[in-house]
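Engineer: Sequence below, structure please.
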Amino acid sequence: MKSLLRWTAVLPVLSALFYLSGKTGSSGFMTIVGILFLISSVLAAVHHAEIVAHKVGEPFGTIILAVCITILEVSLIISLMLAGGEHTRTYARDTVFAAIMLILNGIIGVCIWIGGVKYHEQFFARTSATTSLVSLVAILVITLILPNYTTSISGPYYSESQLIFVSFASLIIYSTFLMVQTVRHRNYFIIEGEENKNIDTPKPSKLQTFISLMVLILCLAVVVFMAKALSPPIEHTIKNFGAPQSLVGVLIAAVVLLPEGMAAIRAARKNKIQSSLNLALGSALASIGLTIPAVSMVCVFYDIPLVLGLDKKAIILLLLSVFTVMLSLSRGKTNILYGVVLLVNLAAYIFYVIVP
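Structural biologist: Have a look, this model is predicted:
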């Protein structure tokens, strides 16, 4: 029970109380306090995610973190879309696209770069990357690119029947991927050397694991809803600097992905690149494979127009990112060059968001 007294459990509770007080973003000082609580919740989430992952083993630990964050991300998107407004039509698309770009270029790029700097080369199972990328590419194309080229409805929209079909197709691909990852071909996502690195570390008890799981869920909820509450002052600041409003979506996606990103980076620093890739690619799949179907069903039920198709510039950047990741993970080992190229892709994406 000593873990209950640690900062990783106390600060998330204080952060939740601060958010429930309704003072988040009410003034400049409160905004700074909210940002500090947000950062503390991210750090606590990483700590408790590692405890849960160590208890259940790979790849189940990374799946828990990815699915938890995706569920909360979906809740945030749906709540904003139900609030109404013309801009909400593109919110799901922009958020998912930003998350995919940050994961493929940012999280994977930093992990490979850190591993290249510290270990020169890191090795992983090529079958895991291939399995993940095959699923990811299929969902990306049918959800974010194909809507621009269908003729039932003009514009980057799907008709209701098309939206339902795409939702079921995404769920089928993602659920099959989970079955392959956890049951049928679990060995694809595990490297024997990485499992042995934790052999001398005692596994946490069931009580400690349960407490960490509950605190993890609380941390993720605080991260998502605190980000939502802080978005108006952030948006106002961005507007004062003359930057486009689409940058807000990138910043919010970055905050939501911080727990996953930090967990993946910490794994890469410990020479566990397989865990990093499992977390990053699994998060990308969960982000689009669960978010799009959930949002689509809500839009069909409430008759809300949903823009899914990306513009030409975004499609080019997305294809560049996917192609670069596929080449980088095709050999089963990494080096610093792959990480640098991915980080340059990330810089190009952010630059063209700011300077369209």
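Engineer: Could you pull out the helices in the stretch 101-250 of the chain for me?
Structural biologist: 108-119, 126-140, 160-179, 192-196, 206-240, 246-269 (DSSP state H, counting those that start in this stretch).
Engineer: Flag whichever of the ones you listed has the least confidence on average.
Structural biologist: Least confidently modelled of the helices of the stretch 101-250 of the chain is helix 192-196, at a mean of 57 by mean pLDDT.
Engineer: Surely residue 307 forms part of a helix?
Structural biologist: No: assignment of residue 307 by DSSP: H, G, I helix; E, B strand; the rest coil gives coil, placing it outside any helix.
Engineer: For it, what are phi and psi?
Structural biologist: phi -90, psi 120 (degrees, to the nearest 10).
Engineer: In the strand or helix carrying residue 19, which residues are buried?
Structural biologist: Taking DSSP states H and E as the criterion, residue 19 maps to helix 7-20. Buried residues in helix 7-20, counted by 16 or more other C-beta atoms under 10 Å: 8, 9, 11, 12, 13, 15, 16, 18, 19. For glycine as for every other residue, the C-beta is placed from the backbone atoms N, C-alpha and C.
Engineer: Just the pLDDT for the fourth one.
Structural biologist: Just to be clear, that refers to residue 12. We have a pLDDT of 83 for residue 12.
Engineer: didn't it look like it was pressed against residue 42?
Structural biologist: No: Residue 12 is beyond contact range of residue 42, at 9.9 Å (criterion: C-beta atoms under 8 Å).
Engineer: which residues are in contact with both of these two?
Structural biologist: Here residue 12 and residue 42 share the contacting residues residue 219, scored by C-beta atoms under 8 Å, 6 or more residues apart in numbering.
Engineer: packing partners for the helix holding residue 19?
Structural biologist: helix 28-56, helix 206-240 (3 or more C-beta pairs under 8 Å, 6 or more residues apart in numbering; DSSP states H and E).
Engineer: From the chain's centroid, how far away is that helix?
Structural biologist: Helix 7-20 has its C-alpha centroid displaced from the chain centroid by 22 Å (C-alpha atoms, centre = their mean, to the nearest Å).
Engineer: Hey, what's the angle from it to helix 28-56? Just curious.
Structural biologist: Per axes from the mean of the first three to the mean of the last three C-alpha atoms, to 10 degrees, the angle that helix 7-20 makes with helix 28-56 is 140 degrees.
Engineer: circling back to that earlier point, can I get the helices and strands packed on helix 7-20 in CSV with mean neighbour count?
Structural biologist: Shown next, in CSV, are these (neighbours: other C-beta atoms under 10 Å):
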stretch, mean neighbour count
helix 28-56, 20
helix 206-240, 19
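Engineer: Please name the residues that touch residue 163.
Structural biologist: 296, 299, 300, 306.
Engineer: Can you list the residue ranges for strands in the stretch 251-356 of the chain?
Structural biologist: 333-334 (DSSP state E, counting those that start in this stretch).
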